[in-house]
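Visitor: The following comprises the amino acid sequence and a computationally predicted model.
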Amino acid sequence: MVFDILHLAIILFLIAGLAFAGGPLILALLVAPRARGGDLGMSYECGMRPHGNAWTRFGINYYVYALLFIAFDVDVLYLFPAAAHYHTTVGWAAFVEICVFLFFLVLALVYFRAKGVFTWPRKIAL
Amino acid sequence: MTPDTASVTPDVLLAPLDPAYLADENPARTGLRWSAFLSADALPRAAALLLEAGWHLEDICGLDVREGLMAVYHFDRMTSPGRLAIRVLADRETPVLPSIADIYQGAEWHERETADFYGIAFTGNPNSMPLLLPEGMQGHPLLKDAAARAPLAALLAAQGREDTVLRKAEGFTLLEPAEDAKPAKPAKAKAAATEEGADNA
Amino acid sequence: MAAQDCPVRPPLIAPATGGIDAPIVNVAPVQKILDVCRAMSLWPMTFGLACCAIEMMAVGMARFDISRFGAEVFRPSPRQSDLMIVAGTVTRKMAPALVRLYEQMPAPRYVMALGNCAISGGPFNFEGQYAIVEGVDNLVPVDVYVPGCPPRPEALLEGLFQIQHKITGRRWWPVPAEISGSMGGGA
């Protein structure tokens, strides 16, 4: 495999991403003053001593938001490279493949619309 | 709650409990329509009867008077308004009263506050944490020292109350004015004197 | 340690403990630039306890807009804030919570005592006071005192400018012009 400019670009992109995320953290570690002592390490509970368990049961109905997130956000992520290469394809095959991909995401949307998630009733029946 | 229980007045309602004192009050003077003195044992039963008749609890407060520590309970009704005050006297050395928090759940906080400020212990109150004062505080702030304590009769007379006694038990002396009583509010006596002076002038 | 708030009999007013360590790279020009950055975007932690909280809310609203001066983001959590605005009367029951929240703020942290109650107990400072902490500087170190009962929203903004002055060494905003005596047109 020949090491060409594209591979270098990808490696630089990775390094820049890591630096963008980690740089401010390292910078803060170096140039910011640090507080210590007292109740700094205590879990925050509005100034009270924390009592009770942190692991609580929460409503399972929040799963709809996770699925909607996937339907709207991650599909865009996958469509970017597909869209970038679409002009180089010939024939109907690529079109049909993208339609199949979108069909399953639209299925998720139809499911949630039937559940009533896109309206604003008093209570969502799940 | 049937319509007839809604209009039952406290003198009929509390009669079975044999209150030591029950009076019609003048609401324009004191804000009360009725007032009653009960013993500590009669209090929970009175609360149960009042709840059943549709009264709600407005307030529980305390008074430090010469005769002891007094807890005052205010009740009222939405349907036919007219405030009722029930006064219960507790001994100063061991001030203990029964809690009505099992009947009126809102009484829990009022009783905690009264316990904070006067030291009255309400037996049966589910929560013993102080409501307003910090844990670890010594003493009860609203207790008066002996020189400043007024007799109950003087305190109530200073309000200018005009009550019509409906029942009074034998040997009920709480509202007799004491011989050595000075008016609880000297300013009021001064105002009365200037009024008389103006009349004479 | 902040005073415990459960069965043990604690001292009623326990001031904040702990301290702040200097940064590892303590180069003056870098710190000056960072100080300007911090001062221009102070994130207040709302500690609205009483009436002064209303004035603090007014300052956050459109008319007296504090976000013009950078302090737009009012954080309820101490972990994300650098300025604690103590707005209101501090009772002895609340004191351990206040101290705990101050200790939970990361450095650099600043405290503004808003209103007379936070400065000295205000109208509740009298002989025989049993429930109020007479001045929040008994609990935490205060950087700026804003007097008033309650102070006007403009006074809170002036307090913010003074904190910025304290952080960066200079005042960044114009001093308000003197307002002449009469409002014109009779009483």
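Guide: All right, it came through fine.
Visitor: which residues in chain B form strands?
Guide: Secondary structure of chain B (DSSP state E): strands at B:21-24, B:34-38, B:55-65, B:68-77, B:84-90, B:96-98, B:121-123, B:164-168.
Visitor: Residues of chain A that sit close to chain C?
Guide: A:29-40, A:42, A:44, A:46-49 (Cβ under 8 Å from any Cβ of the partner chain). No exception for glycine: its C-beta is placed from N, CA and C like everyone else's.
Visitor: swap in chain B?
Guide: Selection of chain B residues close to chain C by Cβ under 8 Å from any Cβ yields B:132-137, B:141.
Visitor: Just name the lowest-scoring one in the residues you listed, pLDDT-wise.
Guide: pLDDT is lowest at B:Gly136 among these; the value there is 80.
Visitor: Filter the residues of chain A next to chain C down to just the buried residues.
Guide: Buried members of these, scored by 16 or more other Cβ atoms under 10 Å in any protein chain shown, are A:31-35, A:38-40, A:42, A:44, A:47.
Visitor: Out of the residues you listed, the closest to chain B would be?
Guide: Set against chain B, the nearest of these by Cβ to the nearest Cβ is A:Gly47 (13.6 Å).
Visitor: show me the contacts for that closest one.
Guide: C:96-98, C:100-101 (Cβ atoms under 8 Å, 6 or more residues apart in numbering or on different chains).
Visitor: And B:Phe75, how close does it get to chain A?
Guide: As judged by Cβ to the nearest Cβ, to the nearest Å, B:Phe75 and chain A stand 35 Å apart.
Visitor: Pretty sure that residue sits against B:Ala53.
Guide: No: using Cβ atoms under 8 Å, B:Phe75 is not in contact with B:Ala53; the gap is 9.6 Å.
Visitor: on contacts alone, who are the packing partners of the helix or strand of chain A with the lowest mean pLDDT?
Guide: Lowest by mean pLDDT, DSSP states H and E among the helices and strands of chain A is helix A:63-69, with a mean of 81. Applying 3 or more Cβ pairs under 8 Å, 6 or more residues apart in numbering or on different chains; DSSP states H and E, one finds that helix A:63-69 contacts helix A:93-115.
Visitor: Which neighbouring elements make contact with the helix it packs on?
Guide: By 3+ Cβ pairs under 8 Å, 6+ apart, helix A:93-115 packs against helix A:63-69, helix A:75-85.
Visitor: In TSV, list the residues of chain B next to chain C along with neighbour count.
Guide: Formatted as TSV, the residues of chain B next to chain C follow (neighbours: other Cβ atoms under 10 Å in any protein chain shown):
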residue	neighbour count
B:Leu132	13
B:Leu133	20
B:Pro134	20
B:Glu135	18
B:Gly136	16
B:Met137	16
B:Pro141	15
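Visitor: Closest one to chain A out of these, please.
Guide: B:Glu135 (12.1 Å).
Visitor: What distance do you get for the closest one to C:Pro96?
Guide: 10 Å (Cβ to Cβ, to the nearest Å).
Visitor: before we move on, what about C:Leu42?
Guide: 25 Å.
Visitor: Those two: which has the busier surroundings?
Guide: C:Pro96 (26 against 23; other Cβ atoms under 10 Å in any protein chain shown).
Visitor: tell me what the strand or helix carrying the more buried one is packed against?
Guide: Element membership for C:Pro96 (DSSP states H and E) is helix C:95-104. Packing partners of helix C:95-104 (3+ Cβ pairs under 8 Å, 6+ apart): strand C:44-48, strand C:83-87.
Visitor: what's the most buried one of those strands?
Guide: Per-stretch averages of neighbours, counted by mean count of other Cβ atoms under 10 Å in any protein chain shown, single out strand C:83-87 among the helices and strands packed on helix C:95-104, with a mean of 27.
Visitor: just how off-centre is that one within its chain?
Guide: Computed by Cα atoms, centre = their mean, to the nearest Å, the chain-centroid distance of strand C:83-87 equals 3 Å.
Visitor: what residues does that strand touch?
Guide: By Cβ under 8 Å, 6+ apart, the surrounding residues in contact with strand C:83-87 are C:42-50, C:52-53, C:55-56, C:71, C:78, C:98, C:101-102, C:105, C:109-115, C:118, C:136, C:140, C:142, C:156, C:160, C:163.
Visitor: rerun that using 7 Å as the cut-off
Guide: Strand C:83-87 is contacted from outside by C:42-49, C:52-53, C:56, C:71, C:102, C:105, C:109-115, C:118, C:136, C:163, using Cβ atoms under 7 Å, 6 or more residues apart in numbering or on different chains.
Visitor: Show me which of those are buried.
Guide: Buried among the contacts of strand C:83-87 by 16+ other Cβ under 10 Å: C:42, C:44-49, C:52-53, C:56, C:71, C:102, C:105, C:109-115, C:118, C:136, C:163.
Visitor: Just after the helix or strand of chain C with the lowest mean pLDDT, pick out the following helix or strand.
Guide: Lowest by mean pLDDT, DSSP H and E among the helices and strands of chain C is strand C:19-21, with a mean of 85. Toward the C-terminal end, the helix or strand that comes next after strand C:19-21 (DSSP H and E) is helix C:28-39.
Visitor: which helices and strands sit right next to that next one?
Guide: With contacts defined as 3 or more Cβ pairs under 7 Å, 6 or more residues apart in numbering or on different chains; DSSP states H and E, helix C:28-39 has these neighbours: helix C:153-168.
Visitor: Same question for the helix it packs on: list its buried residues.
Guide: C:153, C:155-164, C:167-168.
Visitor: what's across from the most centrally placed residue in chain B in the sheet?
Guide: Note on chain B: the residue nearest the mean C-alpha position is B:Val72, at 2.6 Å, using Cα atoms, centre = their mean. Note on B:Val72: beta-bridge partners by DSSP bridges are B:Cys61, B:Arg87.
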